[in-house]
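Asker: Sequence and predicted structure below; questions after.
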Amino acid sequence: MPPKLRVKNCIYMTFTQTSRHRRGSIWLLGETFAGPARHYFSGKEIMMENDDKPIGRILSRRDALKLLGIGSAAFLAAYASPGGAGAILPMNSSAISSAPGCVVRPELTIGPYFVDDQLNRSDIRLDPLEGNVSEGTPLALKVNVFDVASRSCTPLEGAQVDVWHCDAWGHYSGVSDRGFNTLGQKYLRGYQLTDAKGGVQFQTIYPGWYSGRTVHIHFMIRTRALDGQVYQFTSQLFFRDAVTDQVHSKEPYVLKGQRNTRNADDSIYKRGGSQLLLNTRGVDNGYMATISMGLDLTDTETGQIDTFR
């Protein structure tokens with residue numbers, strides 16, 4: 001039986017600066033990963049879900065202070081310190097020498113286009129059915145997954161990370177929808193297992209758009225919780241509007257016309273998308289996009305398998 005890595009709880013604090021006040025949300029963290037990388041999910045079917053409710057436990061400032069065992073002065077001092085806008089505090093008030101790079105992100109809807117094809121590949125541009133490569137600006141997507149300890153962030157090895165998104169024309173593969181039928185095709189879908197550094201990388205294209213949604217990428221992380229049950233975290237990744245405007249001003253995107261939904265207009269983005277913005281930079285003829293995140297494997301509600309009724 002493989003050994004289990006146990007991680008203590010801690011508190012993660014995120015803040016949003018507005019013109020009139022500061023707002024904070026505080027998330028309980030803590031997670032566990034058991035054993036080496038395994039293919040846990042072969043043959044598993046996950047139904048679709050179309051709700052847009054964010055999932056996760058958010059504590060009030062007062063409740064968080066009680067859990068931390070510190071007073072308001074210490075809380076404000078941590079926030080006012082350099083880097084305090086996203087600080088991790090231990091369960092006691094001792095200072096942390098170096099803040100970890102992982103962040104707990106909100107879970108968002110799986111959406112109606114998930115297909116569990118179990119395609120283990122890093123380059124997801126190819127459709128294995130027809131042999132076509134999706135057109136579009138190249139995008140290297142790197143996702144780093146961490147478990148969270150009281151004083152550090154440890155890479156989570158062996159987690160399965162699935163990604164899927166639409167092509168430059170706003171079409172998903174493997175589904176039948178109004179305006180397109182791509183059943184049997186498998187472009188722009190795939191998964192990787194996180195390496196010893198907790199990372200996976202996909203070679204894809206910058207997504208297109210479709211009516212009612214801002215530009216986004218769906219992702220799902222599957223691993224084992226402390227009790228051995230499958231733990232699933234599902235959410236979406238977003239791009240800054242300025243980057244999307246630049247990419248979509250060129251072919252093939254420009255041939256579809258101007259998008260009708262930006263980040264601020266997207267109902268799902270409004271429920272936590274600002275915490276899921278990719279760090280994007282130009283490289284060669286395309287872009288590199290990265291994001292790091294921690295999982296709370298003790299949150300059984302968040303870790304439930306997504307279903308569609």
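Answerer: Received, thanks. Worth saying up front: this structure is predicted, and the values here are computed from it rather than measured.
Asker: May I have the longest strand anywhere in the chain as CSV, with CA atoms only?
Answerer: Longest strand in the chain by number of residues (criterion: DSSP state E): strand 138-148. These are the backbone C-alpha positions of strand 138-148, laid out as CSV (Å, rounded to 0.1, in the frame of the first residue of the first chain):
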residue,chain,number,x,y,z
PRO,A,138,-0.4,28.6,-30.7
LEU,A,139,-0.9,28.5,-26.9
ALA,A,140,1.3,26.6,-24.4
LEU,A,141,-0.8,26.1,-21.3
LYS,A,142,1.0,25.2,-18.0
VAL,A,143,-1.0,24.3,-14.9
ASN,A,144,0.8,23.7,-11.6
VAL,A,145,-1.1,21.8,-8.9
PHE,A,146,-0.1,22.0,-5.2
ASP,A,147,-1.1,20.6,-1.9
VAL,A,148,-1.0,23.1,0.9
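Asker: list the helices and strands it packs on?
Answerer: Helices and strands touching strand 138-148, by 3 or more C-beta pairs under 8 Å, 6 or more residues apart in numbering; DSSP states H and E, are strand 153-155, strand 160-164, strand 199-205, strand 216-224, strand 286-294. In short, each C-beta sits where N, CA and C put it, glycine included.
Asker: Compare those strands and give me the one nearest Leu255.
Answerer: Leu255 sits nearest to strand 199-205 of all the helices and strands packed on strand 138-148, at 14.5 Å, using C-beta to C-beta.
Asker: ok and that closest one relative to strand 160-164, angle-wise?
Answerer: 20 degrees (axes from the mean of the first three to the mean of the last three C-alpha atoms, to 10 degrees).
Asker: buried stuff in strand 199-205?
Answerer: Residues 199-205 are the ones in strand 199-205 that count as buried (16 or more other C-beta atoms under 10 Å).
Asker: neighbouring contacts of that strand?
Answerer: Contacts to strand 199-205, defined as C-beta atoms under 8 Å, 6 or more residues apart in numbering, come from residues 122-125, 134-145, 155, 161, 163, 165, 167-168, 188, 190, 192-194.
Asker: Provide a ChimeraX selection command restricted to the buried entries of these.
Answerer: Of the contacts of strand 199-205, the buried ones go into a single ChimeraX selection, burial set by 16+ other C-beta under 10 Å:
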select :124,125,134,136,137,139,140,141,143,144,145,155,161,163,165,167,168,188,190,192,193,194
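Asker: returning to what we had before: could you tell me the angle between the longest strand of the chain and strand 286-294?
Answerer: Using the same axes, to 10 degrees: strand 138-148 against strand 286-294 is 10 degrees.
Asker: Strand 138-148 pairs with which strands, and in what direction?
Answerer: Partners of strand 138-148 in the sheet, by DSSP bridges, are strand 153-155 (antiparallel), strand 199-205 (antiparallel), strand 286-294 (parallel).
Asker: now these as CSV including distance to Arg271 and mean pLDDT?
Answerer: Listed next are these as CSV, based on distance: least, C-beta to C-beta, whole Å; pLDDT from 0 to 100:
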stretch, distance to Arg271, mean pLDDT
strand 153-155, 25, 83
strand 199-205, 25, 98
strand 286-294, 17, 95
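Asker: want to throw those into CSV with distance to Glu107?
Answerer: Below are the strands paired with strand 138-148 laid out as CSV (distance: least, C-beta to C-beta, whole Å):
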stretch, distance to Glu107
strand 153-155, 19
strand 199-205, 18
strand 286-294, 11
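Asker: Out of these, which is closest to Asp177?
Answerer: It's strand 199-205; of the strands paired with strand 138-148, that one is closest to Asp177 (C-beta to C-beta) at 19.6 Å.
Asker: The closest residue to Asn285 other than its chain neighbours bridge partners, please.
Answerer: Leaving aside its chain neighbours, Asn285 sits nearest to Pro138 (6.2 Å; criterion: C-beta to C-beta, 6 or more residues apart in numbering). Beta bridges link Pro138 to Ile205, judged by DSSP bridges.
Asker: Understood, closing this out.
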